[in-house]
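[1] requesting a structural model of the entry that follows:
(chains A and B)
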Amino acid sequence: MIPIDAETVQARLEALKGRDLYLHLESTTGAYATHHDSSRHPSSAFVKNAVIRYERGTISGSGPYRVGLKMAHGWVYCEGLTHYEESETERLLLAGHNSEGKLAVALQLSPSPF
Amino acid sequence: MEKRVLAVFPHPDDESFGVSGTLAMYAASGAEVAYACLTLGEMGRNMGFPPFANRLTLPGFRRRELEESCRAIGVRDLRLLGFMDKTIEFEDPELLDERIGAVVRDVKPELVITFYPGYAVHPDHDACGAAVVRVIGRMPRGERPTVHCIAFSHGCERDLGKPDVYRDVRPYLKQKFDSIRAHRSQFYVPGISDGGKRITRELEERFGTERFWTYRFD
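    Residues are numbered from 1 along each chain as shown, chains lettered A, B, ... in the order given. The predicted structure is shown next:
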């Protein structure tokens, strides 16, 4: 994974629009959040391999970045993205790592299941 | 004083702290005051104090809170533009401009109040202000309304300088506090939300001035 280049990611979002895609969307504070800091509320969620199709995909911000995917009947939203996988050609793998390097959020799109 | 004023903000409650006194002042002067609100704030995290709303019921509560706030302020023309909370920056700019432009053409405001693009912290605020500025900037110079912007990002005065409009809204604090109280799912402000109707010196100092930057198009 390398730091996000917004233009490159925007081009990848354009290339993937208008077709059925498998989505992996994840947000996590980590299972130890409350153990390390009792004031923190533990919260995590992921969706793996839901099928979506979007008509407009946009990356915005100046880092960490946000991505919004507009679908026929709703939206996919992700905030806090910092890195993408440059070696992937078919799939788009985006992740947000915190200051310790841990994964905090991930947004992945692929024509085939993850 | 301007006779037609339009506020454009993305969320119900964006009007309360920064501009409700100003809008109340214009309404009291007999101006037509319109408010175009882009979303229903349906992704908000505050659910009441203690919580009384849930993700599904929140937009309905917020819509009614906004209507109550508008009645308190004297905004008689409320337009809900139907965009989704948190998505303004991702929307097609042409669609945003078309919807906001239609309101501007209809209301024909002499003054428009919105967020200063790039200096308003929340991406929806920045994207809303950017759309308003695009729409007004495209109008012929002589037909453009004045645009007053709210900025509050850290260090905004380094770039923008001091606000050029300081408005004493102490005579309109009743309306302003009624607006804040109306958004009961979103705000709990001690001294205002807890039922006290007395406007103390401290509240006057905290809430009695509203500040704006006039947007320069060239």
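
[2] tell me how many other residues crowd B:Tyr116.
    B:Tyr116 has 25 neighbours, counted by other Cβ atoms under 10 Å in any protein chain shown. Placement of C-beta: from N, CA and C, glycine included.

[3] and the gap between it and B:Ser153?
    Noted for B:Tyr116: a distance of 8 Å to B:Ser153, by Cβ to Cβ, to the nearest Å.

[4] now the residue of chain B found nearest chain A: closest residue in space, sequence neighbours ignored.
    Using Cβ to the nearest Cβ, the single residue of chain B nearest to chain A is B:Phe90, 3.0 Å away. Computed as Cβ to Cβ, 6 or more residues apart in numbering or on different chains, the closest residue to B:Phe90 that is not its neighbour in sequence is A:Gly68, at 3.0 Å.

[5] buried ones in stretch A:18-34?
    Buried positions in stretch A:18-34, judged by neighbour count with 16 or more other Cβ atoms under 10 Å in any protein chain shown: A:Leu21, A:Tyr22, A:Leu23, A:His24, A:Leu25, A:Glu26, A:Ser27, A:Thr28, A:Thr29, A:Gly30, A:Ala33.

[6] coming back round to it: contacts only, for the residue nearest to B:Phe90.
    Counting by Cβ atoms under 8 Å, 6 or more residues apart in numbering or on different chains, A:Gly68 makes contact with A:Gly57, A:Thr58, A:Ser60, A:Trp75, A:Val76, A:Tyr77, A:Cys78, B:Lys86, B:Thr87, B:Glu89, B:Phe90.

[7] and if you look at A:Leu16?
    Here A:Leu16 is in contact with A:Tyr54, A:Gly57, A:Leu92, A:Leu109 (Cβ under 8 Å, 6+ apart).

[8] can you read off the pLDDT for the third one?
    Read that as A:Leu92. Note on A:Leu92: pLDDT of 98.

[9] isn't it up against A:Ala11?
    No: using Cβ atoms under 8 Å, A:Leu92 is not in contact with A:Ala11; the gap is 10.2 Å.

[10] tell me the residue of chain A that sits nearest chain B?
    Counting by Cβ to the nearest Cβ, chain A gets nearest chain B through A:Gly68, at 3.0 Å.

[11] strands of chain A, start to end?
    A:2-3, A:21-28, A:44-52, A:54-60, A:65-71, A:74-81, A:83-84, A:92-97, A:103-110 (DSSP state E).

[12] next, the angle strand A:44-52 makes with the fifth one.
    What separates the directions of strand A:65-71 and strand A:44-52 is an angle of 40 degrees, with axes from the mean of the first three to the mean of the last three Cα atoms, to 10 degrees.

[13] mind listing the strands strand A:65-71 pairs with, and their directions?
    strand A:54-60 (antiparallel), strand A:74-81 (antiparallel) (DSSP bridges).

[14] can I get these in a markdown table with distance to B:Gly82, mean neighbour count and mean pLDDT?
    A markdown table is the format used below for the strands paired with strand A:65-71 (distance: least, Cβ to Cβ, whole Å; neighbours: other Cβ atoms under 10 Å in any protein chain shown; pLDDT from 0 to 100):
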| stretch | distance to B:Gly82 | mean neighbour count | mean pLDDT |
| --- | --- | --- | --- |
| strand A:54-60 | 16 | 19 | 98 |
| strand A:74-81 | 14 | 18 | 98 |
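
[15] out of the ones you listed, which is closest to B:Leu80?
    strand A:74-81 (18.0 Å; Cβ to Cβ).

[16] neighbouring contacts of that closest one?
    The contact list for strand A:74-81, computed with Cβ under 8 Å, 6+ apart, reads A:4, A:23, A:25, A:27, A:52, A:54, A:59, A:64-69, A:94-96, A:104-105, A:107, B:84, B:86-87, B:90.

[17] and B:Val169, what does it touch?
    B:Gly21, B:Thr22, B:Ala24, B:Met25, B:Lys176, B:Phe207, B:Gly208, B:Thr209, B:Glu210.

[18] weed out the non-buried ones from those.
    Using 16+ other Cβ under 10 Å as the burial test, these include B:Gly21, B:Thr22, B:Ala24, B:Met25, B:Lys176, B:Phe207, B:Gly208, B:Glu210 as buried.

[19] in helices only, show me the residues you listed.
    B:Gly21, B:Thr22, B:Ala24, B:Met25, B:Lys176, B:Phe207 (DSSP state H).

[20] how about CSV for the residues you listed, with pLDDT added?
    Below are these laid out as CSV (pLDDT from 0 to 100):
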residue, pLDDT
B:Gly21, 98
B:Thr22, 98
B:Ala24, 98
B:Met25, 98
B:Lys176, 98
B:Phe207, 97
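
[21] let me know the pLDDT of the residue nearest to B:Phe90.
    98.

[22] what does chain A have sitting close to chain B?
    Contact residues, chain A versus chain B (Cβ under 8 Å from any Cβ of the partner chain): A:Arg56, A:Thr58, A:Ser60, A:Gly61, A:Arg66, A:Gly68, A:Leu69, A:Lys70, A:Trp75, A:Tyr77.

[23] list the contacts for the fourth one?
    Looking back up the chat, that one is A:Gly61. Per Cβ under 8 Å, 6+ apart, neighbours of A:Gly61: A:Ala6, B:Pro123.
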